[in-house]
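Student: no FASTA, just this:
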Ligand SMILES: [Zn+2]
């Protein structure tokens, strides 16, 4: 059966796409054997399709490096975020350590300003030796509390050694270290510090705690 060349050409795109029924495919294959012109046309169409397929594959391959760049950017973003968090923690820790202790020496009828300052300095030095613990505030606890503490220590805690000649009591707010239940732990310690003056005039921390 001699099929019209125009009909065959109309069917060629469907043929190259593999969308024809087996009967139509057989019809076209048969026509190709006896029609060099259509055979040539079909070959061109097949080649063109081949080139398009190759190009598509290439585009897919070209997209791969782009994905790698995306991945790299993702990693970099994660690093920047991690860095920011670490930086914030370092700043928090620095603020925690460097934050000045608020000191209120109040007023006293029995202690000189110099003694008050020496006693407060003894507390600060002692607090600083406790590493990351932070003394937030230090307040003079008053003449009466200081006198009672001096009597009590000399009577009951000094075991017959030379009595201390003076005593200054402080109240304080004290917090535990960052990262060890500190920054995120609402726990605040209200400590007392009892500083005594020895016979040779030294101010030393005698008692501290709740
Ligand atoms: Zn033909």
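Tutor: Received the coordinates, thanks. On a predicted model such as this, the values are computed, not experimentally measured, just so you know.
Student: what does the domain assignment say about the protein?
Tutor: Split into domains by automatic domain parsing, the chain comes to 5-57, 99-209.
Student: Compare the ones you listed and give me the one nearest the ion.
Tutor: In terms of Cβ to the ion, the element of the domains of the chain nearest to the ion is domain 5-57, at 3.2 Å. (Each C-beta comes from the backbone N, C-alpha and C, glycine too.)
Student: and the closest one, what's its mean pLDDT?
Tutor: Summarised as a single mean, pLDDT over domain 5-57 is 89.
Student: ditto for stretch 163-177
Tutor: Stretch 163-177 comes out at a mean pLDDT of 89.
Student: Give me the buried stretch members for it, please.
Tutor: For stretch 163-177, the neighbour count (16 or more other Cβ atoms under 10 Å) marks 164, 166-177 as buried.
Student: that older thread, ranking the domains of the chain by burial, who's on top?
Tutor: Scoring those by mean neighbour count under mean count of other Cβ atoms under 10 Å gives domain 99-209 as the most buried, with a mean of 16.
Student: for that domain, the distance to its chain's centre please.
Tutor: Relative to its chain's centre, domain 99-209 lies at 36 Å (Cα atoms, centre = their mean, to the nearest Å).
Student: Now the terminal residues of that domain, how far apart.
Tutor: End-to-end distance for domain 99-209: 21 Å, by Cα to Cα, to the nearest Å.
Student: where's the spatially most central residue of the chain, which helix or strand?
Tutor: Nearest to the mean C-alpha position of the chain, by Cα atoms, centre = their mean, lies residue 85 at 2.8 Å. Here residue 85 sits within helix 36-98, counting by DSSP states H and E.
Student: Is the ion within reach of that helix?
Tutor: Yes - using Cβ under 5 Å from the ion, helix 36-98 comes into contact with the ion via residue 38.
Student: From the contact counts, what lies against that helix?
Tutor: For helix 36-98, the elements it packs on are helix 5-16, helix 22-34, judged by 3 or more Cβ pairs under 8 Å, 6 or more residues apart in numbering; DSSP states H and E.
Student: Check the buried residues of stretch 163-177 and tell me the two furthest apart.
Tutor: Greatest spatial distance in these: 166 and 177, 32.6 Å, computed using Cβ to Cβ.
Student: Return the distance of stretch 87-97 from the chain's centre.
Tutor: Averaging C-alpha positions (Cα atoms, centre = their mean) puts stretch 87-97 12 Å from its chain's average.
Student: to the chain's geometric centre, what's the distance from the helix holding residue 85?
Tutor: Distance of helix 36-98 from the chain centroid (Cα atoms, centre = their mean) equals 28 Å.
Student: The next helix or strand along the chain from that helix pairs with which strands?
Tutor: Using DSSP H and E, the helix or strand that directly follows helix 36-98 along the chain is strand 102-104. Here strand 102-104 has these sheet partners by DSSP bridges: strand 134-140 (parallel).
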